[in-house]
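>>> have a look at this fold, sequence not included:
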Ligand SMILES: C[S@@+](CC[C@H](N)C(=O)[O-])C[C@H]1O[C@@H](n2cnc3c(N)ncnc32)[C@H](O)[C@@H]1O
């Protein structure tokens with residue numbers, strides 16, 4: 001198995017490493033999960049930077065795992081590579097005997113290995129059997145989807161997952177064609193899509209088949225369902241101080257990521273209660289302001305980074321956080337009092353006896 005190192009540039013690599021470093025630099029041995037190992041570009045850099053970190057790499061694609069194994073051979077004594085869908089992370093960790101983790105990266109979507117492979121059917125620009133399964137050992141292929149889904153289901157897949165404005169027209173063209181002959185090749189499908197999109201619309205937004213191919217890939221691999229389960233499960237496994245970084249490449253992935261993080265960074269207590277109830281305080285803090293976008297240089301060097309959105313968060317200890325804020329407030333007041341003799345601030349410090357107010361917490365975000 002040859003290495004494919006040169007063909008894949010890890011997206012936002014330095015930013016990912018910078019965000020993960022505080023979580024992986026702690027203690028004797030830390031555990032990092034690469035939930036989408038691919039060709040192991042990010043994983044290799046993590047192992048190089050953190051000599052005491054154990055890496056657990058997951059991928060549902062056996063071919064990607066084989067390449068990653070070669071690339072990471074020199075780190076074999078602290079690497080576990082697992083053929084798994086990322087929503088199986090809790091079972092994988094149980095099996096390997098790691099109850100918790102310090103870092104996790106999701107670099108979603110397909111790898112260059114999959115996109116560029118002439119025989120996997122992901123690319124509209126190359127003729128290949130319509131497969132599109134990331135895991136070729138199981139599941140339905142794109143050929144089965146395009147030749148068997150009823151019209152409304154096909155149109156919904158194209159509209160929702162591909163954000164295809166002409167979803168109904170494309171679905172109708174597919175149904176007409178499959179009555180004539182089974183659609184088996186990516187080139188035939190790309191041609192059908194091109195023909196069914198009005199000429200004026202073909203002139204903008206890249207190749208007309210791009211959205212249909214994205215939609216079919218998401219459907220075939222049940223990508224969003226896996227992500228929706230995987231994100232909360234992964235957040236649950238992080239230790240305090242542990243960090244998650246997610247790189248999304250389309251709005252549906254980014255929306256799921258945003259929602260999963262929002263659920264952990266906000267209070268679960270009643271809005272009108274001035275203090276946090278036990279168990280209601282936020283358990284994570286965001287490390288990114290909204291979704292971070294790539295810089296121009298990154299996109300110029302790596303066109304696949306063009307659509308990336310990065311979000312990251314760190315697990316916090318709600319009680320320590322509350323205590324820390326109260327301590328900082330107390331020392332701020334002490335300093336103020338020292339500069340204004342005789343004007344000691346009589347107000348109670350939030351968190352002292354009565355807990356930090358929710359109003360205060362919201363102002364801090
Ligand atoms: C964009 S690539 C990752 C590239 C990698 N970060 C690198 O530096 O080489 C995404 C990888 O995630 C895998 N993948 C996508 N969805 C997955 C899922 N639900 N479970 C496990 N692996 C998945 C794909 O097979 C692909 O190899």
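In hand now; what should we look at? This one's a predicted model, so the numbers in the text were calculated from it and none came from an experiment.
>>> from now on I want contacts and neighbour counts done on CA atoms only, so please keep to that.
Fine.
>>> tell me where the stretch 1-150 of the chain is predicted with low confidence.
Residue ranges of the stretch 1-150 of the chain with pLDDT under 70: 1-7.
>>> residues of it that sit close to the ligand?
Residues of the stretch 1-150 of the chain found near the ligand (CA under 6 Å from any ligand atom) are 10, 36-42, 58-61, 64, 84-86, 107-111, 134.
>>> filter those residues down to the ones in strands?
Using DSSP state E, 58, 59, 107 are the members of these that sit in strands.
>>> who wins for neighbours among these?
Neighbour counts for those (other CA atoms under 10 Å) peak at residue 58, which has 25 neighbours.
>>> for this protein, what spans make up the strands?
Remark: strands assigned in the chain by DSSP E are 30-34, 53-59, 79-83, 101-107, 238-248, 284-286, 309-315.
>>> so what pLDDT did the residue lying closest to residue 161 once chain neighbours are set aside get?
Closest residue to residue 161 apart from its sequence neighbours, by CA to CA, 6 or more residues apart in numbering: residue 215 at 4.5 Å. Turning to residue 215, the model gives it a pLDDT of 97.
>>> how many neighbours does residue 215 have?
Using other CA under 10 Å, residue 215 is surrounded by 20 other residues.
>>> go on, the one 4 residues further on?
When neighbours are defined as other CA under 10 Å, residue 219 has 23 of them.
>>> again with residue 292
Neighbour tally, residue 292, other CA under 10 Å: 14.
>>> domains of the chain?
5-113+225-271+280-316, 136-220, 321-364 (automatic domain parsing).
>>> now render those as TSV, adding distance to residue 125.
What follows is the domains of the chain, written out as TSV (distance: least, CA to CA, whole Å):
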stretch	distance to residue 125
domain 5-113+225-271+280-316	14
domain 136-220	7
domain 321-364	49
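>>> please name whichever of the ones you listed is nearest to residue 126.
Residue 126 lies closest to domain 136-220 among the domains of the chain, at 6.6 Å (CA to CA).
>>> off-centre distance for the closest one?
Here domain 136-220 is found 25 Å from its chain centre; the criterion is CA atoms, centre = their mean, to the nearest Å.
>>> pick out the residue nearest the middle of the chain.
When CA atoms, centre = their mean is applied to the chain, the residue found nearest the centroid is residue 246 (3.5 Å).
>>> nearest to the ligand, of the ones in strands among the residues of the stretch 1-150 of the chain next to the ligand?
Checking those against the ligand with CA to the nearest ligand atom, the nearest one is residue 59 at 3.6 Å.
>>> name the nearest residue to residue 242, sequence neighbours excluded.
residue 102 (4.3 Å).
>>> so where's the stretch 201-350 of the chain shaky on pLDDT?
205, 341-350.
>>> the closest residue to residue 81 other than its chain neighbours - how many residues pack around it?
Among residues not flanking residue 81 along the chain, residue 57 sits closest, at 4.8 Å (CA to CA, 6+ apart). Residue 57 has 26 neighbouring residues, counting by other CA under 10 Å.
>>> state the distance from residue 57 to residue 156.
From residue 57 across to residue 156, the span is 33 Å (CA to CA, to the nearest Å).
>>> likewise for residue 201?
Distance from residue 201 to residue 156, by CA to CA: 20 Å.
>>> so for those two, which sits in the more crowded spot?
Taking other CA under 10 Å, residue 201 and residue 156 do not tie; residue 156 has more neighbours (17 against 13).
>>> surely the more buried one meets residue 165?
No: with contact defined as CA atoms under 8 Å, residue 156 does not count as touching residue 165 (10.8 Å).
>>> show me where the stretch 1-150 of the chain has its helices.
Under the criterion DSSP state H, counting those that start in this stretch, the stretch 1-150 of the chain carries helices at the ranges 13-24, 41-49, 62-71, 89-96, 112-116, 142-148.
>>> so for residue 333, which of these sits nearest?
With CA to CA as the measure, helix 13-24 is the member of those nearest residue 333 (30.1 Å).
>>> tell me what angle that closest one forms with strand 53-59.
120 degrees (axes from the mean of the first three to the mean of the last three CA atoms, to 10 degrees).
>>> what helices or strands is helix 13-24 leaning on?
strand 30-34, helix 41-49, strand 101-107, strand 238-248 (3 or more CA pairs under 8 Å, 6 or more residues apart in numbering; DSSP states H and E).
>>> what's in contact with the first one?
Going back to what we said before, that points to strand 30-34. With contact meaning CA atoms under 8 Å, 6 or more residues apart in numbering, strand 30-34 is reached by 24, 42-43, 52-58, 100-106.
>>> next: the longest one.
Here strand 238-248 makes contact (CA under 8 Å, 6+ apart) with 16, 19-20, 22-24, 100-109, 235, 254, 257, 307-317.
>>> with the second one instead?
Surrounding helix 41-49, the residues in contact under the criterion CA under 8 Å, 6+ apart are 5, 8-10, 13, 17, 34, 37, 53-55, 57, 71-72, 75.
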